[in-house]
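Student: Mind looking at a prediction? Sequence and model below.
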Amino acid sequence: MAGKNFLIVTILLFVGLTGCLPDRMPPDPVENQRPEFRYFGQNDSAALNIPLNDPILMVFSEKMDLSTFPDNFKVQSISGAITGTFEYVSGIDSAVHFVPTQNYNPAEVYTISISGGVRDVHGNSMIAPYKEDQPITTWFFTTGQYATNGFPYIFIRDKSQKQIIHRVGKINQYLDSLYMQADEEDYQTSNLKFTPDGQYLLVLNIKISKGTVTVIDPQTLSTVKVLEVGLGPKAITFMDNNMAIVANNSAKSFSVIDLSSLTVLQTIAFSDNYKPKGVVYSSLTKRLYFFSSNNYKIRVVNASDFSVEKDLENILVNKKKAADMEITPDGAFVYIAEDRSDKVIVLNTKTEDVKTIETGYGYNIDGAMSQDAYFLNFFRKVDKEFVGGILKIDLASQSVVDQMIWEKDMEEMDLTNGDELLYTITPQDSTVHILETRTLKVLSRVKVPGSLKYIAISKNNYQN
């Protein structure tokens, strides 16, 4: 009996001792591999026409800890940051969605930034704490008026094949070309503009024996009518939406077109050899303002009877001719870019006072006027290098507020109807560049066959 009790005690003691010994089996390994970022979603990387509530997709090499994203993720624009929440994508453990809790602003560039501090579910960050954090970034451009029920058509005049007009659609896709039949071929390429209601594209044609305006239906790409104006039409503007004024350079005259009937009402000659090259109309003063190719005077014409009121001789005082002339939407100020100069002259149409803006960049080429800014492109040589670019002049302050510089020369440019996109031509590579107007960021580009010069953008959008 004593021996049996001793055996039981011995067994119990052994069990107790072995129960207190540490586990000799190795623990599960701790995952210490850093997660890798793989890619953004298709809508989130240099994409255009993005919905205003579109989530942002991020794909990693493994499942991530969502709680680490708020401090290491940003989506922001010139207007500020956007708030949102983070969630896993159904069925894909390694994918994360940022879901905005407020809409993005329309027609705005948003930059996405992911810092290396985001962690996987095992606590591993994308980069070590002692390494320099270089965030992963991309951008997208939201939808706006430029993409409402379709897209505008962009028409580009070919300066080598002068009867050809190219057409671009869907923001950045070359579509087709129109050959304008004519009994007399153009010998020089001239301007083109849309009527204020967007119904027609008016193309100015410089011929040997006469000047004409071809009226084109932008949707069908067909010629509606051909109007005869003075010889050498160079520029066109519009009066109160129902009349067009064409400046005829060679004929030293201007023609008045009734847009409702598509007829030329009259052509008025200047009797003193004044050769008009550009013209704008002020709805505020009810006057036309011309600049010339053969003198430095700005001519003022009364729009009620088309009589010459005066010549302003204190505008182009540097004996420079004008390269471009645009007028503010309210008709209060005329912006005149001097040719081969870094100066822009601002004329107050009410007081006829002038202000000079010195941009610092010579050789002004062309301008485009929006509701709140005058865009001006230029090209010049600096230290044996070519420098080109676009300046943004704020209308409220009448000062340069932004610029985009590159090594390209440019021709004409134009704005979409909502002033959201600026299209500009670089002729040496037959490319049209598309910029966002708030920051002058280049969003996209499109190659167009031919030698490019003038450009016009439809007022209306089309299902193209």
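Tutor: Thanks, I have the structure now.

Student: Show me where the stretch 1-150 of the chain has its strands.
Tutor: 37-40, 47-50, 56-60, 73-77, 80-81, 84-89, 92-100, 109-114, 136-142 (DSSP state E, counting those that start in this stretch).

Student: what would those strands look like in JSON lines with distance to K384 and mean neighbour count?
Tutor: C-betas here are computed from N, CA, C, even on glycine. As requested, these are arranged in JSON lines below (distance: least, Cβ to Cβ, whole Å; neighbours: other Cβ atoms under 10 Å):
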{"stretch": "strand 37-40", "distance to K384": "41", "mean neighbour count": "15"}
{"stretch": "strand 47-50", "distance to K384": "37", "mean neighbour count": "18"}
{"stretch": "strand 56-60", "distance to K384": "45", "mean neighbour count": "20"}
{"stretch": "strand 73-77", "distance to K384": "38", "mean neighbour count": "18"}
{"stretch": "strand 80-81", "distance to K384": "42", "mean neighbour count": "9"}
{"stretch": "strand 84-89", "distance to K384": "50", "mean neighbour count": "16"}
{"stretch": "strand 92-100", "distance to K384": "48", "mean neighbour count": "17"}
{"stretch": "strand 109-114", "distance to K384": "34", "mean neighbour count": "19"}
{"stretch": "strand 136-142", "distance to K384": "34", "mean neighbour count": "19"}
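
Student: do you know which of the ones you listed lies nearest Y200?
Tutor: strand 47-50 (26.7 Å; Cβ to Cβ).

Student: Give me the contacts around the closest one.
Tutor: For strand 47-50, the external contacting residues (Cβ atoms under 8 Å, 6 or more residues apart in numbering) are 43-44, 104, 140-143, 147, 171-172, 443-444.

Student: which of these sit farthest apart?
Tutor: Among the contacts of strand 47-50, the pair separated by the greatest distance (Cβ to Cβ) is Y104 and N172, at 20.5 Å.

Student: pretty sure P196 is in a strand, no?
Tutor: No - read with DSSP: H, G, I helix; E, B strand; the rest coil, P196 is coil and lies in no strand.

Student: before we move on, the earlier item: for the contacts of strand 47-50, which single residue is the most surrounded?
Tutor: Most neighbours among those, by other Cβ atoms under 10 Å: F141, with 26 neighbours.

Student: For it, name its beta-bridge partners.
Tutor: Note on F141: beta-bridge partners by DSSP bridges are V109.

Student: cool, and Q266?
Tutor: V256.

Student: pretty sure it contacts S255?
Tutor: Yes - at 7.3 Å, Q266 counts as touching S255 under the criterion of Cβ atoms under 8 Å.

Student: excluding its backbone neighbours, what's nearest G367?
Tutor: Nearest residue to G367 in three dimensions, chain neighbours excluded: D324, at 4.2 Å (Cβ to Cβ, 6 or more residues apart in numbering).

Student: hang on, the earlier thing: which one of Q266 and S255 is surrounded by more residues?
Tutor: Legend: neighbour count by other Cβ under 10 Å for Q266 and S255, higher for S255 (23 against 11).

Student: ok so, going back, so can I have CSV of the strands of the stretch 1-150 of the chain showing distance to L347 and mean pLDDT?
Tutor: Formatted as CSV, the strands of the stretch 1-150 of the chain follow (distance: least, Cβ to Cβ, whole Å; pLDDT from 0 to 100):
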stretch, distance to L347, mean pLDDT
strand 37-40, 48, 96
strand 47-50, 37, 97
strand 56-60, 47, 97
strand 73-77, 35, 97
strand 80-81, 37, 96
strand 84-89, 48, 97
strand 92-100, 45, 95
strand 109-114, 33, 97
strand 136-142, 35, 97
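
Student: Would you convert these into JSON lines that also reports distance to V280?
Tutor: Output for the strands of the stretch 1-150 of the chain, formatted as JSON lines (distance: least, Cβ to Cβ, whole Å):
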{"stretch": "strand 37-40", "distance to V280": "45"}
{"stretch": "strand 47-50", "distance to V280": "32"}
{"stretch": "strand 56-60", "distance to V280": "44"}
{"stretch": "strand 73-77", "distance to V280": "33"}
{"stretch": "strand 80-81", "distance to V280": "36"}
{"stretch": "strand 84-89", "distance to V280": "46"}
{"stretch": "strand 92-100", "distance to V280": "42"}
{"stretch": "strand 109-114", "distance to V280": "31"}
{"stretch": "strand 136-142", "distance to V280": "31"}
